[in-house]
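Undergrad: what would the 3D arrangement of this be:
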Amino acid sequence: MSAFALAMLLLVGIAPISSAEAVSSRGSLHPQDGPHVDVRLIITDEEVRVRLEMNLVFLDEMIDFPRETSERVSTVEWVDLRPALESFFSSAHPVSIDGTVVEPTLEKLQINDPDLRLLPLFPVSGERGLRKIRFELVYAVSSPPPSQVSFEWSTFPPNILVDPEDPPPLVIAAELDAEGIRTPVTFNTIERGHTWHATGADVESRLLVVPSPVTDLGTEVPVLAIALFVIGGIVILVGILLSRSTGSGVPIAVASLIEGPLIVGGVLALIHKVGMMTMGGGLQPPDRAEAEEIFKPLHANVYRAFDFIEEEDIYDALSRSVDGAFLDDLYRTIFRSLVMQEEGGAVARISDVRPIEIEVGESGVVDGGESGAMPAFNVRCRWQVEGVVSHWGHAHTRVNEYLADWSVALTDGGWRLTGSEILEQDRIEDSSTDPLDGMGLDEHGEL
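TA: Alright, predicted model coming up:
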């Protein structure tokens, strides 16, 4: 199977649905009614940025902002929205940087022109549920880079998707971008805050360690010492034969004089390890247990590449687990898929990868080019992937199970995955539209 097909299978279990699917299915994961908010927390060396997009239903649950027409904000009313939002977030949603509360500056305030064909999805909220405002709150860092940032969240409108009659408070699923990594963050009535700590970790330190190739050192043979001893033996043998044939003791005496230094030289060569030659050795194919320990981190690191934000970091992370044409195809497909999800407003993240069965197959060697023959092996693996889609403040969990054959080979950079063929794929679990699913909360948002 091509890398494109593999990447699609890696992503399909957690991919967001389209707006068209949301219109045609009231049971879809797309927000349908009630208050919704998309929260992105971004930490850089110079600033902390909170990027928000919410419908007017959420806005009205958050602040008191009276309007002539509840379904929209007029041009006259628009000028009063900025100070109202700045004041609210400063007091109700404080952000602390290195222990100091920082006042926000509001930027990029705008409102959309909604597609009114989606109104059937909002029987309770009406146009207020469709009309969305976007803005960013910027918090300056006084002493860059920040080492600790704390976010507080206090707005939890009723979640009518769970129970229209007695709605529990909404659980807010956010995304945090920091140090090149994107991670999910959840705010609820119990856990109202989140504190980020700088790690200073680079790409390599965020990946699992792959065992180094096994090299057989071979056997050291004292070639010079053996040669000196053999020559000495031959000299003595020749001296004995000549002495017997001539009846003279001179040949054996001369042979003894020659043999002495040869024996001494051989002993010294042994002691000082001079003239040693290594026989055998070199890179060795791993046994089954070693091959499994090699495959596990390589496989897990492919998924960890999804956590990185920047294009070069994604490629760098993948290149430490995948090699050759398989790397280039897989990288292009993954990055394209992530970008498409970002453009659609939904973010798919891998939350867990669980190997179920690993069966190591044949081992051997492959052509390593200038490096010569390199060890290689095959693995058949069954594993489960738990993915989370965050969209409009909701988190939806899916678990998929896969069976695939993988090829692993040693390269100049270490062990790498060189190919894969998906044999089976199954949906194991699919969360409901209840954002409390898997949070350990009851129907009223309590633990």
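Undergrad: pLDDT below threshold where in the stretch 1-150 of the chain?
TA: Residue ranges of the stretch 1-150 of the chain with pLDDT under 70: 1-32.
Undergrad: again, only using 90
TA: Residue ranges of the stretch 1-150 of the chain with pLDDT under 90: 1-34, 36, 38, 74-76, 112-125.
Undergrad: quick check: residue 355 touching residue 381?
TA: Yes. Assessed by CB atoms under 8 Å, residue 355 is found in contact with residue 381 at 6.3 Å. Every C-beta, even on glycine, is put in place using the N, C-alpha and C of the backbone.
Undergrad: between these two, what contacts are shared?
TA: Contact criterion CB atoms under 8 Å, 6 or more residues apart in numbering; residues shared by residue 355 and residue 381: residue 299.
Undergrad: who has more neighbours, these two?
TA: Between residue 355 and residue 381, residue 381 has the larger neighbour count (other CB atoms under 10 Å), namely 21 against 14.
Undergrad: distance check, residue 166 against residue 158.
TA: 9 Å (CB to CB, to the nearest Å).
Undergrad: those two: which is more packed in?
TA: residue 158 (18 against 10).
Undergrad: what's the closest non-adjacent residue to the more buried one?
TA: residue 167 (3.6 Å; CB to CB, 6 or more residues apart in numbering).
Undergrad: ok, now residue 38?
TA: Excluding the flanking residues, the one nearest residue 38 by CB to CB, 6+ apart is residue 53, at 4.3 Å.
Undergrad: repeat that for residue 411.
TA: In this structure, residue 411 finds its nearest non-sequential neighbour in residue 323, 5.1 Å apart by CB to CB, 6+ apart.
Undergrad: so who does residue 129 touch?
TA: Residue 129 makes contacts with 33-34, 36, 55-57, 121-122, as judged by CB under 8 Å, 6+ apart.
Undergrad: which stretches in the stretch 151-300 of the chain count as helices?
TA: Using DSSP state H, counting those that start in this stretch, the helices found in the stretch 151-300 of the chain span residues 223-246, 250-272, 288-304.
Undergrad: return the most buried member of those helices.
TA: Of those, the one with the most neighbours on average (mean count of other CB atoms under 10 Å) is helix 288-304, at a mean of 19.
Undergrad: packing partners of that helix?
TA: Using 3 or more CB pairs under 8 Å, 6 or more residues apart in numbering; DSSP states H and E, the elements in contact with helix 288-304 are helix 311-319, strand 347-367, strand 373-391, strand 394-411, strand 414-430.
Undergrad: what sits up against it?
TA: Under CB under 8 Å, 6+ apart, the answer for helix 288-304 is 10, 206-211, 214, 286, 317-318, 320-322, 330, 350, 353, 355, 358, 360, 363, 377, 379, 381, 383, 385, 406, 408, 415-417.
Undergrad: pull the number of nearby residues for residue 111.
TA: 15.
Undergrad: now it: closest residue in space, sequence neighbours ignored.
TA: Counting by CB to CB, 6+ apart, the residue nearest residue 111 is residue 133, at 4.8 Å.
Undergrad: list the contacts for residue 195?
TA: Counting by CB under 8 Å, 6+ apart, residue 195 touches 148-151.
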